[in-house]
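1. A predicted structure for the sequence below; I have some questions about it.
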Amino acid sequence: MAEVVSGLVRILGDFAEVALFSRENGAASSFYRDDCAKAMGWAILCRSDMTRRCNYFLSGLLAMMLMAGCAHSGGHSNAARDASEVTDQQDVPALTDADIRAAAHFATALSLDLQDKPDEALDQYIRSAQDNPAFEPVVLESVRRLLKAREFDRTIAFVTNALAKPGATPMLYPMLGLAYISTSRTNEAIAVNRLAVQKMPDNLVGTINLVSLYSQAGRTNEAVAALRKAGESKDADSPYWIAYCDLLTRVERQNLLSAADIRKWSLAALDQAASTAPRDPAVLQRIADGYLSRSQPDKARPIYETLLKEFPESPAIREKLVNLYLRTGKNPEAVKLLDGLRRDNPTDPQNYYFLGALAYEARDFAKATENYETALRLNPGIEQIYYDLAGLKLGAHKPEEALDLLQTARAKFKLNFALEFYTGLAMAAMERFTQAINHYTSAEILARVNDASKLNHVFYFQMGSAHERAGNFPEAVALLKKSIELSPKFDEAMNYLGYMWADRNENLREAHDLIDRALKEEPENPAYLDSLAWIFYREGNFEEALRHIRTAIAKSPEADAALLDHMGDILKALKRDSEAVATWRQSLQAHDDPKVREKVEH
């Protein structure tokens with residue numbers, strides 16, 4: 001293929017040379033001048049694609065044949081006749097000798113490129129640009145190659161000459177600036193980039209270069225001024241504003257502006273981009289992504305929803321919306337989209353994982369378990385699912401199943417806090433308290449090394465309760481106090497410690513204070529009311545104890561064996577023996593406890 005294309009390009013060059021001597025009339029060649037230019041430009045832009053390159057070169061060959069007048073006298077083609085008719089109706093400028101020389105040099109450059117002769121090709125590109133300085137793609141390609149070859153002095157001379165010609169592209173200014181920077185001519189680089197900003201107010205390349213130059217020179221105020229001026233553009237399009245946001249993101253790392261100003265200016269730019277009502281889906285998604293990354297979900301959501309209506313089968317957009325809905329608490333909308341994603345891609349575990357998380361938040365634990373288990377079957381390598389699913393198993397009073405999951409995770413993944421913590425929970429649920437304490441201790445060590453923030457009030461509450469159940473009361477007190485210290489309104493820990501003291505008939509005043517604080521958080525909680533009743537019982541205030549235990553039983557959603565047992569004890573203390581026995585029997589109906597049965601029998 002390369003040899004064929006190279007041959008065609010050489011023919012194209014030959015036709016161009018012949019055209020200098022053989023054409024008799026410029027009409028047809030003038031008519032097809034734009035087509036030739038397009039072919040030349042496309043050849044530059046698509047030079048890396050061999051198949052398309054061949055097609056564009058063939059188009060260029062046809063255009064050059066028309067330039068050369070091959071379709072002229074004797075046997076005019078339809079195209080030539082059409083061209084003549086157009087020429088009769090309007091004044092089309094004739095193709096000049098310089099234009100054809102430019103095409104010949106360009107064709108030769110392409111041929112040399114295919115022969116892997118970049119240095120010789122560069123000379124031909126430059127000669128083409130010199131013959132036709134108005135043809136922007138060839139001019140810019142010439143400069144790009146000169147810069148790549150690090151021929152900076154030659155670049156400066158070439159660009160300076162090109163800019164002196166009428167119709168020169170202003171894109172040459174920032175390229176000239178690069179050459180000046182590379183030769184340590186900073187002032188000239190700043191000057192030409194200022195010209196770039198002036199000549200191309202809706203193109204950021206000059207501003208980008210100026211900000212970089214000013215920053216490197218320590219001229220912070222001028223860098224900020226350049227940024228501010230770029231943000232005041234009146235007629236810029238949405239790609240400009242997106243590029244401006246990208247520039248601000250880069251500037252943020254240089255500490256040129258405060259985080260507040262970066263955010264303010266970025267949001268203003270995104271608003272400008274959105275106000276242009278762009279229709280390009282890629283641009284719309286960039287705007288929505290920008291809003292989302294800057295914590296503006298309410299502005300991002302309608303854009304994503306518009307894109308979803310246009311591209312309902314796009315999983316990328318649906319995933320973006322799902323994440324947005326999850327972040328903003330719009331769980332029903334998230335579930336609807338996830339169900340669609342699941343139907344379209346039933347083997348993607350992430351969909352089931354998110355559905356599981358949403359079901360858990362909705363307290364539909366059965367559905368959460370089902371989705372987590374499906375996600376785990378599809379991808380056993382998603383570590384977090386093991387811990388989430390283990391938590392659900394523990395909540396369903398299935399600690400053995402939870403432990404099985406955790407043992408599988410232990411064999412697959414590196415030892416970590418979550419694995420040890422959940423194993424501790426499973427062991428405690430199975431009343432293997434010493435083993436639970438060992439795993440909690442390991443989790444604490446791991447967290448201190450990797451992420452101490454995980455050692456929160458919940459962790460120390462669970463560890464403290466395991467010590468209490470294991471009979472390690474001093475350790476339990478210290479850990480439960482730490483839990484309360486980390487979260488002064490953590491009523492569950494306050495009730496646990498207060499009741500533990502009351503049950504052991506010690507520190508009753510402090511226990512009373514803790515239970516009162518817990519009841520301020522949850523005044524209707526029957527367990528907390530039971531704890532208060534038990535403190536009064538320990539203090540010998542049986543009438544007050546009876547009043548509170550009756551309230552606790554009334555507020556309990558179902559018969560609670562522990563509450564009924566306590567009421568029986570309080571009634572016994574009040575010497576209301578028959579009522580006490582009747583109450584203990586009710587306790588036994590709720591849960592057969594040998595200790596309570598002994599009270600009934602004696």
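-> Cool, got the structure. Numbering: from 1, shown residues only.

2. got the buried residues for stretch 337-350?
-> Judged by neighbour count (16 or more other C-beta atoms under 10 Å), stretch 337-350 contains these buried residues: Leu337, Leu338, Gly340, Leu341, Arg342, Asp348, Pro349, Gln350. C-beta coordinates here come from the backbone N, C-alpha and C atoms, glycine included.

3. I'd like to know how far the first one sits from Asn495.
-> Same thing as Leu337. Distance, Leu337 to Asn495, using C-beta to C-beta, to the nearest Å: 41 Å.

4. and if you look at the fifth one?
-> With the distance defined as C-beta to C-beta, Arg342 ends up 42 Å from Asn495.

5. excluding its backbone neighbours, what's nearest Gly356?
-> Closest residue to Gly356 apart from its sequence neighbours, by C-beta to C-beta, 6 or more residues apart in numbering: Asn371 at 3.5 Å.

6. from memory the one you found sits against Tyr352, does it?
-> Yes. Asn371 is in contact with Tyr352 according to C-beta atoms under 8 Å; the separation is 4.5 Å.

7. neighbours around Lys165, how many?
-> For Lys165, the count of nearby residues is 13 (other C-beta atoms under 10 Å).

8. Was I right to think Leu122 contacts Arg145?
-> Yes. Counting by C-beta under 8 Å, Leu122 does reach Arg145; the two are 4.9 Å apart.

9. So what does the residue nearest to Asn331 when sequence neighbours are not counted look like in phi/psi?
-> In space, and not counting its chain neighbours, Asn331 is closest to Leu358: 5.2 Å by C-beta to C-beta, 6+ apart. Leu358 adopts backbone torsions of phi -70, psi -40, taken as degrees, to the nearest 10.

10. So Leu358 sits against Lys330, correct?
-> No. Applying C-beta under 8 Å as the test, Leu358 and Lys330 come out as separate, 10.5 Å apart.

11. Looking at the two, which one has more neighbours?
-> Neighbours were counted for Leu358 and for Lys330 using other C-beta under 10 Å; Leu358 has more, 21 against 17.

12. check contacts around the more buried one.
-> Leu326, Asn331, Ala334, Val335, Leu338 (C-beta atoms under 8 Å, 6 or more residues apart in numbering).

13. Just the ones in helices from those, please.
-> Counting by DSSP state H, the part of the contacts of Leu358 found in helices is Leu326, Asn331, Ala334, Val335, Leu338.

14. What residues of stretch 438-450 count as buried?
-> By 16+ other C-beta under 10 Å, the buried positions in stretch 438-450 come out as Asn438, His439, Tyr440, Ser442, Ala443, Glu444, Leu446, Ala447.

15. So which residues of the stretch 401-550 of the chain form helices?
-> 417-429, 433-450, 457-469, 473-486, 491-503, 508-521, 526-539, 542-555 (DSSP state H, counting those that start in this stretch).

16. My error: substitute the stretch 151-300 of the chain in the last question.
-> With DSSP H, counting those that start in this stretch as the criterion, the stretch 151-300 of the chain has helices spanning 152-163, 172-182, 186-199, 205-216, 220-230, 238-252, 259-275, 281-293, 297-310.

17. could you dump the ones you listed to a markdown table with mean pLDDT?
-> Formatted as a markdown table, the helices of the stretch 151-300 of the chain follow (pLDDT from 0 to 100):
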| stretch | mean pLDDT |
| --- | --- |
| helix 152-163 | 88 |
| helix 172-182 | 88 |
| helix 186-199 | 88 |
| helix 205-216 | 87 |
| helix 220-230 | 89 |
| helix 238-252 | 88 |
| helix 259-275 | 89 |
| helix 281-293 | 88 |
| helix 297-310 | 85 |
